[in-house]
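>>> model this:
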Amino acid sequence: MRKRSPVRSAVHFALRHIAIGFVLATLLLSALFWADPGGFASLIRREPSHPWPALVLWFFLGLTLSSVQLAIAIMQQGSPPDDDGPGGGTRIPVLVPVRVTATRR
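All right, here's what the predicted structure looks like:
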């Protein structure tokens, strides 16, 4: 069995989450048509070029939601812990007195 290349798996990852975003856009637009807030669906149905406003709204909702879905999926991926050694964190700094000698001029 052949192993997928990293590029191919990244493309599959992106396409899967973009499709999820467009499905969410479809659900949101159908909920908007069903609920008809403020006469939205009535206004779209009375429009002479009926399908275009709905299609444009669906497309841009799909772009927005798929971008959000893809960003969330990328941010939720596991990454190896940052074990570069000490540094950062929430440690309280330790103050150490330093003796300084002063000379008179």
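>>> can you give me the buried ones in the lowest-mean-pLDDT helix or strand in the chain?
Ranked by mean pLDDT, DSSP states H and E, the weakest helix or strand in the chain is helix 40-46, scoring a mean of 86. Neighbour counts using 16 or more other CB atoms under 10 Å place 41, 44 of helix 40-46 among the buried residues. C-beta coordinates here come from the backbone N, C-alpha and C atoms, glycine included.
>>> and that helix, what does it pack onto?
Judged by 3 or more CB pairs under 8 Å, 6 or more residues apart in numbering; DSSP states H and E, helix 40-46 is in contact with helix 6-35.
>>> which neighbouring elements make contact with the helix it packs on?
Counting by 3+ CB pairs under 8 Å, 6+ apart, helix 6-35 packs on helix 40-46, helix 51-75.
>>> still on that earlier bit, hey, C-alpha coordinates of the least confident helix or strand of the chain in PDB?
Extracted in PDB, the C-alpha atoms of helix 40-46 (Å, rounded to 0.1, in the frame of the first residue of the first chain):
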ATOM      1  CA  PHE A  40     -35.700  38.100   4.600                       C
ATOM      2  CA  ALA A  41     -37.000  35.000   2.700                       C
ATOM      3  CA  SER A  42     -40.100  36.900   1.400                       C
ATOM      4  CA  LEU A  43     -37.900  39.600   0.100                       C
ATOM      5  CA  ILE A  44     -35.500  37.200  -1.700                       C
ATOM      6  CA  ARG A  45     -38.500  35.200  -3.200                       C
ATOM      7  CA  ARG A  46     -40.000  38.400  -4.600                       C
END
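>>> what about this protein, any weak spots by pLDDT?
1-2, 79-91 (pLDDT under 70).
>>> most centrally placed residue in it?
A71 (2.6 Å; CA atoms, centre = their mean).
>>> quick check: it vs I18, distance?
Plainly put, A71 is 11 Å away from I18 if you go by CB to CB, to the nearest Å.
>>> can I get the helices and strands packed on helix 6-35 in a markdown table including distance to R99?
Below are the helices and strands packed on helix 6-35 laid out as a markdown table (distance: least, CB to CB, whole Å):
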| stretch | distance to R99 |
| --- | --- |
| helix 40-46 | 76 |
| helix 51-75 | 50 |
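>>> I'm done for today, thanks for sticking with me.
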